[in-house]
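A.B. asks: Take a look and give me a structure for this.
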Amino acid sequence: MRVEDLRAFLRRNFWYSALIDILSPCEELFLTGGALRDFFLGKLTRDIDMSFSPRLSDLPFRFASEIGGKVVPLGKEVVSYRVIKFPFIFDFSPLRGKDIIDDLSRRDFAFNSMALDIKNGVFFDPMGGLEDLKRGVIRANSLASLIEDRIRILRAFRLRSILGFKIDDITKSFIRSIGLFSPWRFSTRERIAEEWKKLLRGNFFYEAVRDIAKVGYLGILFPPFKYMEGMPQSSHHHLDVLGHTLLTVEALEDILLNPPFWADKKYLSSKIGKHKVKYLLRLSALFHDIGKPFCFRRIDGEITFKGHQFIGARVASGIAKSLLLGRKEVKFVWRLVFNHMMPLLFLKRCKSGKPWERSLISWLLRVGEDAKGVFLLSISDIRATRGEKVSDEERSLLFEIAEISARHLKRILETKPMLDGKEIMRVSGLKPGPLVGTIKSRLLYLQKIGRIRDKSDALRLVLGDNIKGCQR
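C.D. replies: All right, here's what the predicted structure looks like:
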């Protein structure tokens, strides 16, 4: 979108006309920030940023009155105002510096440092942000701007994930030079969590995480990753722990582009808490081996990480809590990391000819529909494992086991009790009480694992010694 097209587009918006109507010739008000960037990218946005002269503190109130919106004061030291008129949110912030040019130069990135004068339509781009938008580049205004507010470092990667733009080399060097200290010392958990949650939802998540790791910021953000870099693995692997982790994330992204039929889009788009399953899968893939630095052992020359999934689940859930994810979201991440080795256990048993389907069904009863997510993670894990002891045949067999698992899971989820409480009491002579519910639950469990195939089997068990077993 050109500047001329932007002006024409804005004139058609009710809120833009309202702003022009309330401004006197001497009053200054500018459209700035991410809203202006998104307009040039052709994206419709409902979060509109405005910058105004500090002496015009009544301007947000006049605007709210004009459009029938509500005013909410923001901030403590520097008071800003939010005007809410559903579905739009307008944030009014006082100019920092002596004028609009000075204000823009203090901002984070060049393409966020553009402004449009609401009254006369003059466009300001002192940092060359429009050219960066054309080139697809994320460029910091200065080293000082990143030091002033270090959350901007994480924001650069968040924008990398959402926009797909590349971070320029000078900005990367800035990040390396100031990234020696934990961001948790300089920013609140809420701000870090908000940036990370947005980063998770980007279409270029893998590219962003890869870049975070390359500049050494991943280990600063989440300390266990410091020890994963350069940590060797067994002959099953061809990369160190960190390289394998990143390759797993990439493999998962490839699978999510064209998911298998058993991991249907309905499941991937369903929400756990406030996040879609596919976004929490990304987090689980990133953290799936985070327990390995705590379990590194070298026995008879062979490297092992025995039990890393159990310790990793605790570490991953702790990080998820620090990112202010909800209880259900934390539990999901814990469950996937804790269970990500289970499909490989079924694979091992299947290859050796040992019975494995009954244990698979018992496991499915514990994890439920999240077994789909576990298999997606495990398949991504084995695709990223290319050592001399891993073959394409094993990868294909694991996929077959996932399909078998999906069929069992579908049957389990659709299974309904063959006998209700009244029928159990009628044939057994029992009176209403907890024992009837216990028997009913036991019968349903036996149905799900395939021990009961029809109603006569259920009746036979109720009339047999199983009642005594339940009583005991």
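A.B. asks: Please enumerate the strands of the stretch 51-200 of the chain.
C.D. replies: With DSSP state E, counting those that start in this stretch as the criterion, the stretch 51-200 of the chain has strands at 70-74, 80-85, 88-94, 115-117, 123-124, 137-138, 166-167.
A.B. asks: Leu247 is nearest to which of those?
C.D. replies: With Cβ to Cβ as the measure, strand 166-167 is the member of these nearest Leu247 (20.4 Å). The way it works is simple: take the backbone N, C-alpha and C, and place the C-beta from them, glycine included.
A.B. asks: Residues contacting the closest one, please?
C.D. replies: Strand 166-167 is touched from outside by 136-139, 156-157, 160, 175, 211, with contacts defined as Cβ atoms under 8 Å, 6 or more residues apart in numbering.
A.B. asks: Contacts only, for Met341.
C.D. replies: 309, 378.
A.B. asks: Quick check: it vs Gly291, distance?
C.D. replies: From Met341 across to Gly291, the span is 11 Å (Cβ to Cβ, to the nearest Å).
A.B. asks: list the residues that contact both of the two?
C.D. replies: Joint contacts of Met341 and Gly291 (Cβ under 8 Å, 6+ apart) are Gln309.
A.B. asks: Next up, the contacts around the residue nearest to Glu403 when sequence neighbours are not counted.
C.D. replies: In space, and not counting its chain neighbours, Glu403 is closest to Trp262: 6.0 Å by Cβ to Cβ, 6 or more residues apart in numbering. Counting by Cβ under 8 Å, 6+ apart, Trp262 touches 372, 375, 402-403, 405-406.
A.B. asks: got these as JSON lines, with neighbour count columns?
C.D. replies: What follows is the contacts of Trp262, written out as JSON lines (neighbours: other Cβ atoms under 10 Å):
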{"residue": "Lys372", "neighbour count": "23"}
{"residue": "Phe375", "neighbour count": "26"}
{"residue": "Ala402", "neighbour count": "22"}
{"residue": "Glu403", "neighbour count": "13"}
{"residue": "Ser405", "neighbour count": "22"}
{"residue": "Ala406", "neighbour count": "19"}
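A.B. asks: Where does pLDDT dip in the stretch 301-450 of the chain?
C.D. replies: Residue ranges of the stretch 301-450 of the chain with pLDDT under 70: 387-390.
A.B. asks: Quick check: the gap between Leu218 and Gly464.
C.D. replies: Leu218 is 59 Å from Gly464, by Cβ to Cβ.
A.B. asks: Over to Asp454?
C.D. replies: Taking Cβ to Cβ as the measure, Asp454 falls 16 Å from Gly464.
A.B. asks: Compare Leu218 and Gly464 (neighbour count), which wins?
C.D. replies: Comparing Leu218 with Gly464 by other Cβ atoms under 10 Å, the one with more neighbours is Leu218, at 24 against 10.
A.B. asks: correct me, but the more buried one touches Arg210?
C.D. replies: No. Leu218 is beyond contact range of Arg210, at 9.3 Å (criterion: Cβ atoms under 8 Å).
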